[in-house]
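**Q** Just to be clear, the model below is a prediction. Sequence and coordinates:
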Amino acid sequence: MSTDENSLAYFGTFSTHSLYAMIKSRLSKGAKRVADSISKLTSLLFFRSYCLISVILLISQSVNGQELNPLDGDPRAARIGGSIFRAQCATCHGADAKGIDSIDAPDLTQIYVNSEASDSSVFNIIRNGVSGSIMPAHTFPETEIWMLVSYLRSVGVTGIAVEIGGSPEAGQLLFSQNCSTCHRRGSQGGALGPNLSRITQVRSLEALINSVRNPSASIARGYKPVSVTTEDNELMQGVIKREDAFSIQIMDTSQILRGFSKMSLRALAYEEESLMPVFSESALSNMELNDIVSFLQSSL
Amino acid sequence: MRKIIKNSELIIVSVLLCPLIVFGQSGDGPSYEDILNGFTDPGRWLTYSGDYSGRRHSPLTQITPENIDELRSIWTFQSGTTTRGRGWEATPLLDDGVLYITGSNNYAWALDARTGRPFWEYRRNLPDDLTYGASAPVNRGFGMLGNQLFMVTLDAHLMSFDRRSGEVLWERELADYQVGYSATMAPLILDNKVIVGISGGEYQTRGFIDAFDPVSGERIWRFNTIPGPGEPGSETWPVDPQVLAQGGGGTWMNGSFDPDLNLIYWGVGNPNPDYYDEKRPGDNLYTDSIVALDADSGELRWHYQFTPHDVNDWDSNHMPVLANVEWQGQPRRVVMVGNRNGFFYVLDRVTGEFLLGKPFTATTWAREIGEDGRPIVVNDGSLGCLPDPWGSTNFYPPTFFPGLDLFILTARETCATYVPEEPANTRGQSNFGGTVFIDTESGYGALRALDIHTGELEWEFRYPSPTFGGVMSTASGLVFAGDHEGNFMAFGAETGENLWHYQTGSRIWGAAAMTYMLDGIQYVMIPSGGTLTAFALRSPN
């Protein structure tokens, strides 16, 4: 799991009771039907996609270097791909495709925004596996792999689809006054908080507003707040980068990386409140926030 | 009465053991009798746990709680092969100053135990369409007899090597890997028998334990962990023979052995599919059980099922730990298991009688184990979370500390919600049969010491995250353990106080430490990531 801003969604908490009820009701509606129909639909789609693939291969194998998913745009492909995913991939990548940190299984909802991944490269990873890891090669029929690709496309995080309509220029100024001490955007800004260069591509407007108005509601790994009191009685605040049973690695509020032996500390307190200040509407109006988001969306 | 060896006794033991360092090494390799003698020769470690008991408790006493702060790394071997997502799970064997160890992706080496320098390296040319073997490309170690080594492979073969050259002497197919079979365990060597198990319980497989002739490579017997139609135990399954033929029940961790009873103790894995159970009503014997087999015939003498009708992937592939203890005033030969389902068990190993079952994690799965030995299940998963599919502990070895009568294991506190879904059931593809939602915020790990008479927690040391490292103890009162953050650590066995740690740089996953004497120096060794590191109080030079 990377420690950038994209970890936010992964580390949200949930109520297992409500989650179970939600999932159970969702799955029970059509789980069996879906499972039973996988083979039929697979055969049908395989034949269709075989024709499509042939046509595609004949005409043009790639667009801008990316092979096309022959099932692109077919909602059934993503749906069946989801069933295949739950059966074959979820054990390692999590039921929500957001990965499992303890076994180095990456968050697959991020692959299209955090890397140069294309449908064909995702296809090839599924088919060939990742050497030197527990990610195996898969002998699924090509159609089923494309269905998985369709599914991963469908669950991939999406940002703010529309232009917010604020003033990017005003937002740039507001960003430099309120945000850039801790947040990087492009080549400038701090490192205490997540890099926001691509945040509008991976977070909804609602999530962004919530993280500004109520920053302690969900704090990503890598940004959890901590207070330490050193041997010299110096009180220091920062965010936890890594931790083991004997040591802790933090970035302090001066944005200096510091490592401590826990034994050497007079006090170590895991805080609940994010180091990011709460920006209420009186401190930052909705219009000003719109301007900042517009700036983040812009190419300024 | 609680007692560990004190300093004056350490000196006597050390003096008595020293001559053994010199003799007992013929160059012909270990015999069955040598393995039977377990830790008698401190210059040897001849089987996965060091002896047949599975206790992983060494009599060595050079490294003590008093001097452990001088423990330092002596050498590191870099394997050049890793399994991202898991770890280096093997325990090396030692004889004549040579370590024999297997690695990920069916690599293997003979190493100079004084320097870590390799004598030879072996790499198996694996097929590119591995099934289960591709998703868990690990191996837990060699078996050794005479000048032969034995290793199982990810394409479900058993191989024999000449330990002097690493040359392959013979290989036999255990099962068809394309169905879903693989093999990862360390073979158990008995008198003219090589005992092996199989992996792949999520696939269309039927588990078994095999005995092979070490010289000819011929199979002597096979015990099927899933009964055939009409056989004892088949009444715990539906009558459909296809369900039985694909019932799972892997045997992917090696077992322990009682030479007096001539019984092998072996854990059996999950039923197939893991979570979806509508087509396999019943207890599904012998999944999630321990089986006691006659070593000569492979016949079942008794069994005990920890998790009847498992729907949580709680394989019981644990090292069964054997000890002779005073139990409620009477001498008992017991077998102990810390189980993936969250309970610690003590059974009579002559009869399989249930003696004790107590939870060692905060599981809500069962309120207790009834007097009849069956769990009183109160939460099938619909009443909040259960231990995740990796369980409250796993295959990585625990240790038993005699005298203190402590069973010390790595516990995992996790929270998962299971949602079953009918799987497609395709040959060569896994059939978990549903999905699991794991709360990644709340988990943690802990080294826990349990009083074997009560199951009560005597002490614990917590780790930041759920951990997969094994445990070893030494008679000097030390417990060695590894954690998910990469620390290799030593603790006082009586109190659990952390006395020493070393950051290895990669998680310690599946492996437990081993120890030996060489040139009067006690070494302790742990694999981590792609490296194997040896520690001692002083360098040989």
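**A** Noted; the coordinates are in hand. Just so it is clear, the model here is predicted, and its values are computed rather than measured.
**Q** is the helix or strand hosting residue A:153 up against chain B anywhere?
**A** Per DSSP states H and E: residue A:153 is located in helix A:142-155. No - using C-beta under 8 Å from any C-beta of the partner chain, helix A:142-155 stays clear of chain B, with a minimum separation of 9.6 Å. All C-beta spots, glycine's among them, are computed from the backbone N, C-alpha and C.
**Q** which stretches of chain A have low pLDDT?
**A** A:1-66, A:114-115 (pLDDT under 70).
**Q** residue with max distance from the center of it?
**A** residue A:232 (39.6 Å; C-alpha atoms, centre = their mean).
**Q** Check the secondary structure at that one for me.
**A** coil (DSSP: H, G, I helix; E, B strand; the rest coil).
**Q** Please apply the same query to residue B:395.
**A** coil.
**Q** count of residues packed around it?
**A** With neighbours defined by other C-beta atoms under 10 Å in any protein chain shown, the count for residue B:395 comes to 24.
**Q** which residues touch it?
**A** B:252, B:253, B:315, B:317, B:318, B:319, B:510 (C-beta atoms under 8 Å, 6 or more residues apart in numbering or on different chains).
**Q** what about the helix or strand harbouring residue B:499, near chain A?
**A** Per DSSP H and E, residue B:499 falls inside strand B:498-503. Yes - residues of strand B:498-503 are located near chain A by C-beta under 8 Å from any C-beta, namely B:498, B:501, B:503.
**Q** Narrow those residues to just the buried residues.
**A** B:498, B:501 (16 or more other C-beta atoms under 10 Å in any protein chain shown).
**Q** Dump the residues of strand B:498-503 next to chain A to JSON lines, plus pLDDT.
**A** Shown next, in JSON lines, are the residues of strand B:498-503 next to chain A (pLDDT from 0 to 100):
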{"residue": "B:498", "pLDDT": "98"}
{"residue": "B:501", "pLDDT": "98"}
{"residue": "B:503", "pLDDT": "97"}
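**Q** Please identify which of the residues of strand B:498-503 next to chain A is nearest to chain A.
**A** Using C-beta to the nearest C-beta, residue B:501 comes nearest to chain A of those, at 5.5 Å.
**Q** Longest strand in chain A, please.
**A** strand A:235-243 (DSSP state E).
**Q** which secondary structure elements does that one contact?
**A** Where contact means 3 or more C-beta pairs under 8 Å, 6 or more residues apart in numbering or on different chains; DSSP states H and E, strand A:235-243 is packed against strand A:224-229, strand A:247-252, strand A:257-261.
**Q** can you give me the helices for the chain?
**A** I'll assume chain A. A:7-10, A:16-59, A:75-88, A:90-93, A:111-114, A:119-128, A:142-155, A:168-178, A:199-202, A:205-213, A:286-297 (DSSP state H).
**Q** actually chain B
**A** B:7-22, B:32-36, B:132-135, B:241-245.
**Q** Spell out whether the shortest one and chain A are in contact.
**A** Just to be clear, that refers to helix B:132-135. Yes - judged by C-beta under 8 Å from any C-beta, helix B:132-135 comes into contact with chain A at B:134, B:135.
**Q** Could I have the CA atoms of that helix written out in PDB?
**A** Provided in PDB are the C-alpha atoms of helix B:132-135 (Å, rounded to 0.1, in the frame of the first residue of the first chain):
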ATOM      1  CA  TYR B 132      -1.900 -23.500  -6.700                       C
ATOM      2  CA  GLY B 133       1.900 -23.600  -6.800                       C
ATOM      3  CA  ALA B 134       2.000 -20.300  -8.600                       C
ATOM      4  CA  SER B 135       0.000 -18.400  -5.900                       C
END
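**Q** what's it packed up against?
**A** Against helix B:132-135 (3+ C-beta pairs under 8 Å, 6+ apart) you get no helix or strand.
**Q** Switch the residues of strand B:498-503 next to chain A over to a markdown table; also include distance to residue B:56.
**A** Output for these, formatted as a markdown table (distance: C-beta to C-beta, whole Å):
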| residue | distance to residue B:56 |
| --- | --- |
| B:498 | 19 |
| B:501 | 19 |
| B:503 | 23 |
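**Q** nearest to residue B:110, of the residues of strand B:498-503 next to chain A?
**A** residue B:503 (28.1 Å; C-beta to C-beta).
**Q** list the contacts for the closest one?
**A** Contact analysis of residue B:503 by C-beta under 8 Å, 6+ apart lists A:244, A:246, A:247, B:485, B:486, B:487.
**Q** let's go with 7 Å and repeat that
**A** The neighbourhood of residue B:503, defined by C-beta atoms under 7 Å, 6 or more residues apart in numbering or on different chains, consists of B:486, B:487.
**Q** That one bridge partners, please.
**A** Under DSSP bridges, the beta-bridge partners of residue B:503 are residue B:487.
**Q** What confidence value was assigned to whichever residue of chain B sits closest to chain A?
**A** Using C-beta to the nearest C-beta, residue B:134 is the residue of chain B that sits closest to chain A, at 3.0 Å. The pLDDT attached to residue B:134 in the predicted structure is 91.
**Q** Alongside chain A, which residues does the stretch 251-400 of chain B contribute?
**A** B:382, B:384, B:385 (C-beta under 7 Å from any C-beta of the partner chain).
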